[in-house]
Each structure stands twice: as C-alpha cells, then as structure tokens.
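below is the sequence, then the predicted model.
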Amino acid sequence: MSDLSSLLMGMELNERKLIYTSQKGVKIFAIRTDKICPHDFAVALLVPGKREFRPTHIRLLFDLYLKKSSNNKDFDELFKIIENVYGGEDPEKYLKKLWHLTFPMKLDDPDVNVYCTQLLMIEQEFNYGEGGCKKGKIKPPREFLMRFIRWVASGEE
C-alpha cells in the first residue's frame, strides 16, 4: 500500500495512471482530481465494450453483499484477502487465489474488487490522514471503509 500511495501522491493534477488490468481486460485507473483535498484522486473502471465510469464505495459494498449471498465460502476467502490488503499487503500476491473464486451474482470480478478497495482506502488516507485537509475521528482513515466491509462480511442486517 505504501508503494502505491507514493506513486499516487506523485501524480500531477488530471493525470491518470493505469493501476491494474484484469484477465478479462477490465482496466482500473487512478485520476488525480484534487476534488476533496490536494492529491485526491478518483478511481475509474473501463470494462471492455462499455464506457468508463467511477465506482463508488456503495457499489463496492453492494457487490460484496452479492458475492456473500451467492457463495459464502468463496466470499470468506475474498474477505480475508481484503483484510490483508487493509493491513498493507499487495493485491498482486493474491491474484491466483482471486482468479479461482466464483460468484454466481456479482458486478465485478474479485480481483477488481480488491484493487478498487485498496485505491478507495488510499483515497481515504490522503483526504483524512495526517496530510489531508479533512479531519476524521477514525484512525487510520481507511478503517472507515473497512468497518463497512466487515459489516457486510458479518451478515448482520
């Protein structure tokens, strides 16, 4: 996470960086916007044959909910990987595992979820962390998103 954070912190305004391309050709970009704070960036997905869009935290949570509902066993593996990425591990380390997880109901593939999650967590760190212009009460700031992911994983209503 720290290597990617450094790369993203060094982006120029409106610069876009390709972060990941899935086996199915889905491209994940980071685009520096400075919308909330300096160095803020947007996450963008480009699915082959479709228009680029910017997924939200809600889309991610809904997709994780669908995955949990459709294959709880594989979701548990996905959740463990997300926890490890939250702890600073590189998603690339888990790609082979992610490629073998199957979900009858989903918006995106699990590898796309993990890379988007990592980017959304880094975005929270940039905006609400020590160098950010917003002050939050949750430390580290990426914990805010992780709490919602854990809530989905818990299966609580």
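Arrived safely, thanks for sending. Residues are numbered from 1 along each chain as shown.

hmm, N14 is touching A30, no?
No. N14 is beyond contact range of A30, at 11.6 Å (criterion: Cβ atoms under 8 Å). C-beta: built from backbone N, CA, C; applies to glycine.

okay, the two: which has more neighbours?
In terms of neighbours (other Cβ atoms under 10 Å), A30 is the more surrounded of N14 and A30; the figures are 22 against 9.

isn't that one right up against L45?
No. Counting by Cβ under 8 Å, no contact exists between A30 and L45, whose distance comes to 11.3 Å.

quick one, what contacts W99?
Contacts for W99 (Cβ atoms under 8 Å, 6 or more residues apart in numbering) come out as Q23, P110, D111.

at 7 Å instead, please
Remark: with contacts taken as Cβ atoms under 7 Å, 6 or more residues apart in numbering, W99 is in contact with Q23, D111.

for it, give me the pLDDT.
You'll see W99 listed with a pLDDT of 97.

the longest helix in the protein is where?
When the chain is scanned for its longest helix (criterion: DSSP state H), the result is helix 110-128.

packing partners for that helix?
helix 2-9, strand 16-21, strand 27-32, strand 41-46, helix 57-70, helix 72-86, helix 95-99, helix 143-154 (3 or more Cβ pairs under 7 Å, 6 or more residues apart in numbering; DSSP states H and E).

and these: which comes nearest K135?
When the helices and strands packed on helix 110-128 are compared by Cβ to Cβ, helix 143-154 sits nearest K135, at 12.7 Å.

ok, V85 to L145 distance?
Going from V85 to L145 by Cβ to Cβ, to the nearest Å gives 11 Å.

next up, the contacts around M105.
With contact taken as Cβ under 7 Å, 6+ apart, M105 is in contact with L66, S69, S70.

which of those count as buried?
Taking 16 or more other Cβ atoms under 10 Å as the criterion, what is buried in the contacts of M105 is L66.

mean confidence score for stretch 10-27?
If you average the pLDDT values across stretch 10-27, you get 97.

in it, what's buried?
M11, I19, Y20, S22, V26, K27.

so the fifth one sits against V47, correct?
Yes. At 5.3 Å, V26 and V47 qualify as touching, with contact defined as Cβ atoms under 7 Å.
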